[in-house]
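Asks: Fold the following and give me the result.
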Amino acid sequence: MNIDDLDTDEPGLFHDTSVSTPEVIGTQPSLPTLSSSHQTSLPPAQPPPLSQHSRSLSLPLATSLTPRVPISGSDEEVFMNEMIVKLCEEQLQLKSERLFTGTNGMVFDKVVCLMFPPSQVAEITLITRYLQAIGATVVNPEIPGSWRAFIREPQDKSKKRSGVILYHPSIFNYHRLCNIRVTLHEGSFNHFQLGIDAALQDHPQARTVYSCIRLFPHGDLVLLPDDLLFHEPAKALQIVKLFHTNLKPKPIGGRNERLVFRPGLRELLAELIVREDEQATRVELYLEITKLYNKYEKIKFPGSIQPKHVNIVSEPIQSAPKYAAMWAEDEAKATNWLVEWFAGWCLLQRERFRRFTIIASNDKGEAAMKWKRHYQHVAVWSPEKYLLNKKR
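Replies: This is a model prediction of the structure:
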């Protein structure tokens, strides 16, 4: 399924296709690198061809959000449903309790959205039969309006929107799925990749069996762009202090939050601390950030392979040697590059983290609005909104 085809009759529901952003279907996104022209982009990939009958394909999918009950009828039908449940649980790794239970133990609504290519008829049919047999409603996202209804806030304000999304391994363009950030930041949704990942079959450590892999489990990645560190150090200091405060009650193994900075953070801090404007604030900011570093100062790790207990993400300056010069020449261009790198890197972290946030000085500005359109999996918050949401 091409996510861009979903709900196309509803303006604004999916990413503005008038803006050229490449597909990321059927391939893993790689980190953008700095070229001599400083141009970067999420890597293009050709989407798999859709069945020419994809729009008229008749599948036993629910077309509304009316709760289903287990199929009943003759003894033969009951027997078939029991066999389908047993087959799917043993061979496809589908477990009802796991599907509808969050990492925090919360039980979610039995409503499942299937993000599968229409060509996978047998797979869709079997999974649908299984879900209906266990009492779940199955949502077909190719039906106009169904995705919007799936993530919509319930009319009963005492309830939270919740459900499950199952992705075929060929789907990687999560950043194009309109308002997927709602399912990551606000609602209670489970995300799973279901199937055999053909793109990794040649890898020596690849999963070669049918598997149900949890995506976007829990945890936060928060990008602090350079403009905050350079131009608004007091706000950056508040964010780092709050981040540090929220970490303290958690055991080392339970800390799944990271602050993300530009490549070469240490070199940047050394530059900022000698600036004369707001120097006392900059010194305090330097000390707060180094607190997050110092406990693990002796740990050596290559590139982006970060130990689980390190709470700072900053690539070595050698990974982007031209970035500092780009920032000095054009701050907006450098920030766009950093945001694009962050958005692509977050997709690679989908099995480790859930919420991805960019702190923008002006979250209503033109640049922030462009980021929101291009990267639907990322939230863009002002410093004030971040502090308000994260204070406990």
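Asks: distance between the ends of stretch 97-112?
Replies: Using CA to CA, to the nearest Å, the end-to-end distance of stretch 97-112 comes to 13 Å.
Asks: Name the residues of that stretch that come out as buried.
Replies: If you call a residue buried by 16 or more other CB atoms under 10 Å, then stretch 97-112 has these buried ones: 99, 100, 108, 109, 110, 111, 112. Quick note: C-beta positions are derived from backbone N, CA and C, even for glycine.
Asks: Just list the residues touching the second one, thanks.
Replies: What that stands for is residue 100. With CB atoms under 8 Å, 6 or more residues apart in numbering as the criterion, the residues that contact residue 100 are 107, 108, 109, 110, 136, 164, 190.
Asks: And the strands in the stretch 201-350 of the chain?
Replies: 211-215, 220-223, 257-260, 312-313 (DSSP state E, counting those that start in this stretch).
Asks: May I see these arranged in JSON lines, with mean pLDDT and distance to residue 335 as well?
Replies: Written out in JSON lines, the entries for the strands of the stretch 201-350 of the chain read as follows (pLDDT from 0 to 100; distance: least, CB to CB, whole Å):
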{"stretch": "strand 211-215", "mean pLDDT": "93", "distance to residue 335": "28"}
{"stretch": "strand 220-223", "mean pLDDT": "95", "distance to residue 335": "10"}
{"stretch": "strand 257-260", "mean pLDDT": "91", "distance to residue 335": "13"}
{"stretch": "strand 312-313", "mean pLDDT": "86", "distance to residue 335": "17"}
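Asks: quick one: which of these is nearest residue 284?
Replies: The closest approach between residue 284 and any of these, judged by CB to CB, belongs to strand 257-260 at 15.9 Å.
Asks: what are the pairing partners of the closest one, and which direction each?
Replies: Strands adjacent to strand 257-260 in the sheet, as given by DSSP bridges, are strand 220-223 (parallel), strand 312-313 (parallel).
Asks: Format those strands as a markdown table; extra columns: mean neighbour count and distance to residue 291.
Replies: Output for the strands paired with strand 257-260, formatted as a markdown table (neighbours: other CB atoms under 10 Å; distance: least, CB to CB, whole Å):
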| stretch | mean neighbour count | distance to residue 291 |
| --- | --- | --- |
| strand 220-223 | 22 | 16 |
| strand 312-313 | 18 | 10 |
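Asks: Next, the buried residues of stretch 81-101.
Replies: Within stretch 81-101, the residues that count as buried by 16+ other CB under 10 Å are 81, 84, 85, 88, 92, 94, 96, 99, 100.
Asks: elements contacting the lengthiest strand in the chain?
Replies: Determined from DSSP state E, the single longest strand within the chain is strand 188-195. With contacts defined as 3 or more CB pairs under 8 Å, 6 or more residues apart in numbering; DSSP states H and E, the secondary structure elements packing on strand 188-195 are strand 162-167, strand 211-215.
Asks: make it 10 Å
Replies: Where contact means 3 or more CB pairs under 10 Å, 6 or more residues apart in numbering; DSSP states H and E, strand 188-195 is packed against helix 96-99, strand 111-115, helix 121-133, strand 162-167, strand 211-215.
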